[in-house]
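Student: test case, fold it:
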Amino acid sequence: MNQIVVANLIHRPVRSLISIIAVAVEVVLILVVVGLLMGMLHDAAQRQRGIGADVVVQPPGASNIGLISAAPAPIKIADLIARLPHVAAVTPVVAQLSTAGSVEVIYGIELGSFEALGGPFHYLSGGPFQGPNDAIVDDFFADSKHVKVGQTLEVLNQPFRICGIVEHGRGGRKFLPIKTMQELIGAQGKASVFYVKTDKPENADRVTAEIKAVEGMSQYNVRPMAEALSMMTPEKLPGFSTTIKVVIGVAVIIGFIVIFQAMYTAVMERTREIGILKSLGASKLYIVRLMLRETLMLAMVGVLLGIVISYVTQAGLLKKFPTMRIELSAPWIFYAAAIALAGALLGALYPAFKGAQKDPIDALAYE
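Tutor: Residues are numbered from 1 along each chain as shown. As a prediction, the model looks like this:
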């Protein structure tokens, strides 16, 4: 049977190639799109973790996911929090969403207190802020935009001099002095979020309760960093899981239609061949197995090709867009392969059963 399958695939190279490419496209669509979504999500969580905070304090009504709110909280709250026992350091941050060119969150920071949480920035080039119109960027952004220390960068429609390039993983990719950011968005004396470092990580829950007990702070959104990071999952992000399901659905439809068309055409082209096999004693089950085995072989080659193309795409995207994170994980590779194989076999079922139903006498007389 395997010899017949291989011979049929080689005999019709164009149809076989189209089927393989269709399955490969299905796999690439799932892996690359899902990889981009998961990569961006995990990268954002990793950068939040890199700030070094144990507790996060946000104003009432602020988003539980990400830092895309304005700056409605008085910055003096940092002083109240700093007085609490078990608080080692606290830093206010103004986080401003920007959609100029790409969607990103720009951080306005107090450099000293910000570094007190996770340690000093690791400067790859340049150094700290020297004036109100200085900006610090991370290495991923610098590589993607090919910028260097001393060059001018436009942030929130204002020119800034790049004073330093730091190692990635400390919250944002662009940092401005907090007072400059406050002036740019008209929020003098305000902050979007307060990051708190405790004397011991195990005191995060205790400090959370102490902050909520401060007069006027009961309505604030106060959470341990571990809890905040747990919110950054596909299940907790609105529309994230739905987007993944839509991508998978589109990919399955593509694979199903192409495989169905290819195998249905193959049955029509091989009417005489099927008649000969049945006249030699081949059962209906044998014909079905023959068609499905042929589909399975095409799908397996397509899956392998799709995985290879996905890794090549990942390398190309990372080289072209260093700030774009794409994650190809083993579980999703398995899911994509299983989905592609199942979709291909499903698309071949009807053509296979149709071929098995052919009468051998009619098939032999077919011209």
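
Student: how about stretch 83-91: buried residues?
Tutor: 84, 86, 87, 89, 90, 91 (16 or more other C-beta atoms under 10 Å). (Each C-beta comes from the backbone N, C-alpha and C, glycine too.)

Student: tell me which of these fall in strands.
Tutor: 87, 89, 90, 91 (DSSP state E).

Student: would you turn these into TSV with pLDDT?
Tutor: Below are these laid out as TSV (pLDDT from 0 to 100):
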residue	pLDDT
87	94
89	95
90	95
91	95
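
Student: could you identify the most distant pair in the buried residues of stretch 83-91?
Tutor: Spatially, the most separated pair among the buried residues of stretch 83-91 is 86 and 91, at 16.4 Å (C-beta to C-beta).

Student: still on that earlier bit, I'd like the buried residues of stretch 83-91 written out as TSV, with distance to residue 190 added.
Tutor: Formatted as TSV, these follow (distance: C-beta to C-beta, whole Å):
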residue	distance to residue 190
84	21
86	26
87	21
89	20
90	15
91	14
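
Student: going by distance to residue 214, which of the residues you listed wins?
Tutor: Among the buried residues of stretch 83-91, and counting by C-beta to C-beta, the member closest to residue 214 is residue 84, at 7.5 Å.

Student: ok, now which ones touch the closest one?
Tutor: 207, 210, 211, 214 (C-beta atoms under 8 Å, 6 or more residues apart in numbering).

Student: and the residues you listed, which of them are buried?
Tutor: 207, 210, 211.

Student: show me what the host helix or strand of residue 79 packs onto, helices and strands only.
Tutor: Using DSSP states H and E, residue 79 falls within helix 77-82. Counting contacts by 3 or more C-beta pairs under 8 Å, 6 or more residues apart in numbering; DSSP states H and E, helix 77-82 is packed against strand 87-98, strand 193-198.

Student: out of those, which one sits most buried?
Tutor: Most buried of these, by mean neighbour count (mean count of other C-beta atoms under 10 Å): strand 193-198, with a mean of 25.

Student: ranges for the strands of the chain?
Tutor: 55-58, 73-74, 87-98, 104-109, 123-126, 134-138, 152-155, 158-166, 174-177, 190-191, 193-198, 221-224.

Student: out of the ones you listed, nearest to residue 335?
Tutor: strand 104-109 (29.7 Å).

Student: so which of the buried ones among the contacts of residue 84 are in helices?
Tutor: 207, 210, 211 (DSSP state H).

Student: which non-adjacent residue is nearest residue 135?
Tutor: residue 160 (3.9 Å; C-beta to C-beta, 6 or more residues apart in numbering).

Student: can you check residue 201 too?
Tutor: According to C-beta to C-beta, 6+ apart, the nearest residue to residue 201 is residue 54 (5.6 Å).

Student: quick one: contacts for that neighbour?
Tutor: 196, 197, 198, 201, 203, 204, 207, 224, 225.

Student: and these, which is closest to residue 130?
Tutor: Among the contacts of residue 54, and counting by C-beta to C-beta, the member closest to residue 130 is residue 197, at 26.2 Å.

Student: so how far is residue 81 from that closest one?
Tutor: Distance, residue 197 to residue 81, by C-beta to C-beta, to the nearest Å: 11 Å.

Student: got any ranges where the chain has weak pLDDT?
Tutor: The model of the chain has pLDDT under 70 over residues 1-12, 61-71, 101, 235-238, 263, 266-282, 355-356, 358-367.

Student: domain parsing for it?
Tutor: Listed by automatic domain parsing, the domain ranges of the chain are 2-43+239-364, 60-219.

Student: would you tell me which of those domains gets closest to residue 50?
Tutor: Of these, nearest to residue 50 by C-beta to C-beta is domain 60-219, at 3.9 Å.

Student: now the terminal residues of that closest one, how far apart.
Tutor: 6 Å (C-alpha to C-alpha, to the nearest Å).

Student: stretch 141-160 now?
Tutor: 15 Å.
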